[in-house]
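Peer 1: Can you look at this prediction? I've put the sequence above it.
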Amino acid sequence: MAAVQQQQAMQKNTLYVGGLADEVNESILHAAFIPFGDIKDVKTPLDQANQKHRSFGFVTFLEREDASAAMDNMDGAELYGRVLTVNYALPEKIKGGEQGWAAHPLWADADTWFERQQQEKEMLKMQAENKAAMETAEELHRKKLAQDRQGEMEEDTETKDDPMARAEADALSHGDA
């Protein structure tokens, strides 16, 4: 837990500096940012193909306030004819740095992948069961409605066939009229 808090605290001290000219090296970057406070580290990652920096770097200050002041003052500033972009650096885990996704082997999440697959199968099974139950309930409801309608028809038919029931129905209808 303390390591995570320390890493999060460190991120607010580290600035991403983009838009660096080819002439800018770590010592020039250090010199450009030292007026804002004590610097712990300066890095300009190299392109492996040509061994030149990739037009960005990172400056880590000892104090957060110094990093904040440097960002406020240097974002949009010009260095060797190029306009700088200065922001807080993203945590290494997001970028895929030493502790990020790039350091994990491909099979590292195989167990969680298998669990997710099992959960997905269970979910699909439950959805299929629910759908089948709903269809069964709807079919039962339709049958019940059909039986109720059939019962009403039978009552009407019984009245037509029974002379006493017919006479009673006629008397009721003449009595209403």
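Peer 2: Done, it's in.
Peer 1: for the chain, which spans come out with low pLDDT?
Peer 2: 1-11, 92-111, 153-161, 175-177 (pLDDT under 70).
Peer 1: Can you identify the element that follows the helix of greatest length in it toward the C-terminus?
Peer 2: What stands out as the longest helix in the chain, according to DSSP state H, is helix 110-161. Downstream of helix 110-161, the first helix or strand assigned by DSSP states H and E is helix 163-176.
Peer 1: Quick one: list the elements packing against that next one.
Peer 2: For helix 163-176, the contact count by 3 or more CB pairs under 8 Å, 6 or more residues apart in numbering; DSSP states H and E identifies helix 110-161 as packing neighbours. Where you see a C-beta, it was placed from the backbone N, CA and C, and this is true even at glycine.
Peer 1: what angle separates the helix it packs on from helix 163-176?
Peer 2: Counting by axes from the mean of the first three to the mean of the last three CA atoms, to 10 degrees, helix 110-161 lies at 80 degrees to helix 163-176.
Peer 1: shift numbering so it begins at 59
Peer 2: Sounds good: first residue 59 from here, last item helix 168-219.
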